[in-house]
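> Any chance you could fold what I've pasted below:
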Amino acid sequence: MITPPVSPQIHPYKDVDDTSAASGCGDYLLNMTKKPIEVIAKAESKAESKAELKAELKAELKAELKAELKAELKAELKAELKAESHPITIHTTYLFDPKQKKFLANQSITIDPTTGLVTSISSRKSEPSILGANDIDLRGKTVLPGFVDAHTHIFLHAYSETPSINQERDESSVERILRATNHCRSALMAGYTTYRDLGTEGLGSADVNFRNAVNRGIIPGPRLFVATECIASSGGYAIRQENEIGGTRVPRLSDPADGVEGCRAAVRRRIGAGADTVKFYADYRKRQLRNPPSTWPGALPIQFPPGGEKGKNALVLLNENNPNIPLFTQEEMDAMVKEARVSKAPIAAHASCPDAVIMAAKAGVTSIEHGYEPSDEALKAMKDNNVIFVPTLCVIEDGVPRDGTLEAVLARTKKAFDMGIKIAAGGDIGAVPHGDNARELELLIEAGIPLVDVLQAATLHGWEACGGNLCGRRFGWWEEGVAADVIALDSDPVEDMQAFRKINFVMKDGKIYKQDGKQVNMA
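Predicted coordinates:
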């Protein structure tokens, strides 16, 4: 009988005496646990390697994509810079020249986009078969220099929307400035590349900062020549209201000045504030509280106004209940004009009554604004002193002034033209809507002024009203070194009275803001 081997007995509470048996069992257990540990370690190592490789590949891919994108952007930028530095050529078939007062055929205008200036005007003998990337085709359209509105208020909107007293007293400065930003866009889209802005109407010198924002390219807009606050005598220019209890009143609307030295100092203040041009009120309805208008719902009218019945009462002053009366003496006006000349600045005078027009003209102002009350003597004074006349017709049509009818004012404007007085187109825009500036041109034509003279009034004469060479930049006609302000109409104004409202193309200083009737570069 074979006896089976006996396994060593291992007492659970005693050390193993048979070391060989214990060793064999331990090796077995070690081998059994070592294998899965190695597998796990290998798996973890593989995962780590994969993650590292993925991160490495991702970094390489990012670098490759970045290099590709950089190359693409570099090529695009290079093309843009090349295009920007490359001259722009505008081809026209119907170009108005304000200096010659003629429409010229087949002209091409070359522009340096880096300076925004015209470099040449040439007559084409043949048509280009292929247009280059920097060629602009305006053939078949009426091409003009950008329009100049010689009398605007960028911070006002139409009085038919909101009366002036409510705009100045109740609208916040933020709202008025935001509205002005929209007004700039409307002006450009209407073909107006320059505004002579004659007073903030309650916002102090904010127009200086606003002009600078446009000039810095922060917002798109017409070229602005600003007046800051207008100058008036004490108590001369402000919207009158009967209630001032609790501080309910409009802000200051003018810089008050009295006496020769006071008037000289006021001009210096305006220049120091950053004004491009100076404006003073030669007259206004300064005695308005004798016969206050009804400025709120339910206000009762004055029963027996001081003017009495027109033409029959000895107390009638110029047949008006609230007549325009001069605000300054001749010496005071002379002092303001002389000081403006010392400062190399143009100066405009708001003047309606004949006395004020004559005094301002004799003082030598650059321009007379409004001149609503007809007078041969007043017109002669403007003619004799080479004063530019800005009639502001469309504000009369809108019913804002109360001192003249549209028909009478149109007749007076035509008479001024016939006498050889230089006219600049300015509609008192702001009192009427920005963007509707063309109405002033239409009314000048209705007054009987020839189209070519109206176009000259809206371009070259506008530059002269802004100060001419005092502007520091020439615009409003075609010549080497003149600002590249170009607009194009879809129709011919010779045949179409609505042509001024059909703006297809707008360029200011060599930059396009409207093309094919759609706004561009307005962000």
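
> And the helix or strand encompassing residue 417, how far out from the chain middle?
Secondary structure assignment for residue 417, by DSSP states H and E: helix 406-418. Distance, stretch centre to chain centre, for helix 406-418: 30 Å (Cα atoms, centre = their mean, to the nearest Å).

> quick one: contacts of the helix or strand following it?
Where DSSP H and E defines the elements, the next helix or strand beyond helix 406-418 is helix 438-446. With contact meaning Cβ atoms under 8 Å, 6 or more residues apart in numbering, helix 438-446 is reached by 149, 190-191, 391-394, 397, 410, 413, 423, 425-427, 429, 432, 451, 454-455, 457-458, 497, 500-501. The way it works is simple: take the backbone N, C-alpha and C, and place the C-beta from them, glycine included.

> Show the buried residues in the residues you listed.
Listed as buried from the contacts of helix 438-446 are 149, 190-191, 391-394, 397, 410, 413, 423, 425-427, 429, 432, 451, 454-455, 457-458, 500-501; burial here means 16 or more other Cβ atoms under 10 Å.

> quick one: what helix or strand has residue 187 in it?
helix 173-189.

> what packs against that helix?
helix 206-215, strand 503-508, strand 511-515, strand 518-519 (3 or more Cβ pairs under 8 Å, 6 or more residues apart in numbering; DSSP states H and E).

> Dump those to a markdown table, plus mean neighbour count and mean pLDDT.
Shown next, in a markdown table, are the helices and strands packed on helix 173-189 (neighbours: other Cβ atoms under 10 Å; pLDDT from 0 to 100):
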| stretch | mean neighbour count | mean pLDDT |
| --- | --- | --- |
| helix 206-215 | 18 | 98 |
| strand 503-508 | 24 | 99 |
| strand 511-515 | 19 | 97 |
| strand 518-519 | 12 | 96 |
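
> mind giving me TSV with those and columns for distance to residue 383?
Listed next are the helices and strands packed on helix 173-189 as TSV, based on distance: least, Cβ to Cβ, whole Å:
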stretch	distance to residue 383
helix 206-215	31
strand 503-508	33
strand 511-515	38
strand 518-519	42
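
> which one of the ones you listed lies closest to residue 369?
Shortest distance between residue 369 and those, using Cβ to Cβ, is found for helix 206-215: 16.6 Å.

> Okay, now the unreliable bits of the stretch 1-150 of the chain?
1-44, 46-47, 79-85 (pLDDT under 70).

> where exactly do the helices run in it?
19-85 (DSSP state H, counting those that start in this stretch).

> How about the contacts made by residue 285?
Counting by Cβ under 8 Å, 6+ apart, residue 285 makes contact with 322, 323, 324, 325.

> Please report the distance of it from residue 169.
For residue 285, the distance to residue 169 equals 18 Å [Cβ to Cβ, to the nearest Å].

> Likewise for residue 289?
From residue 289 over to residue 169 (counting by Cβ to Cβ), the distance is 17 Å.

> do the same with residue 242
The gap separating residue 242 from residue 169 is 13 Å, by Cβ to Cβ.

> what does stretch 105-125 rub up against?
By Cβ under 8 Å, 6+ apart, stretch 105-125 touches 84-95, 104, 478-484, 486, 508-511.

> Endpoints of it, how far apart?
End-to-end distance for stretch 105-125, by Cα to Cα, to the nearest Å: 10 Å.

> Skipping its backbone neighbours, what lies nearest residue 395 in space?
Leaving aside its sequence neighbours, residue 395 sits nearest to residue 428 (Cβ to Cβ, 6 or more residues apart in numbering; 3.9 Å).

> quick one, what contacts residue 382?
357, 361, 368, 371, 389, 416, 421.

> Please enumerate the strands of the stretch 151-300 of the chain.
Ranges of strands within the stretch 151-300 of the chain are 192-197, 223-226, 230-232, 254-256, 278-281, 283-284, based on DSSP state E, counting those that start in this stretch.

> Out of the ones you listed, which gets nearest to residue 343?
Taking Cβ to Cβ, strand 278-281 is the member of the strands of the stretch 151-300 of the chain nearest to residue 343, at 8.0 Å.

> Pull out the buried positions in the closest one.
Buried residues in strand 278-281, counted by 16+ other Cβ under 10 Å: 278, 279, 280, 281.

> any idea which helix or strand carries the residue lying closest to residue 268 once chain neighbours are set aside?
Nearest residue to residue 268 in three dimensions, chain neighbours excluded: residue 339, at 6.5 Å (Cβ to Cβ, 6+ apart). Residue 339 is part of helix 330-342 when elements are defined by DSSP H and E.

> outside of that helix, which residues touch it?
Under Cβ under 8 Å, 6+ apart, the answer for helix 330-342 is 231, 233, 257-261, 263-264, 266-268, 271, 278, 280, 282, 328, 346-347, 349, 359-360, 362-365.

> what is the mean pLDDT for the following helix or strand past it?
On the C-terminal side of helix 330-342, the nearest following helix or strand under DSSP H and E is strand 347-351. Averaging pLDDT along strand 347-351 gives 98.
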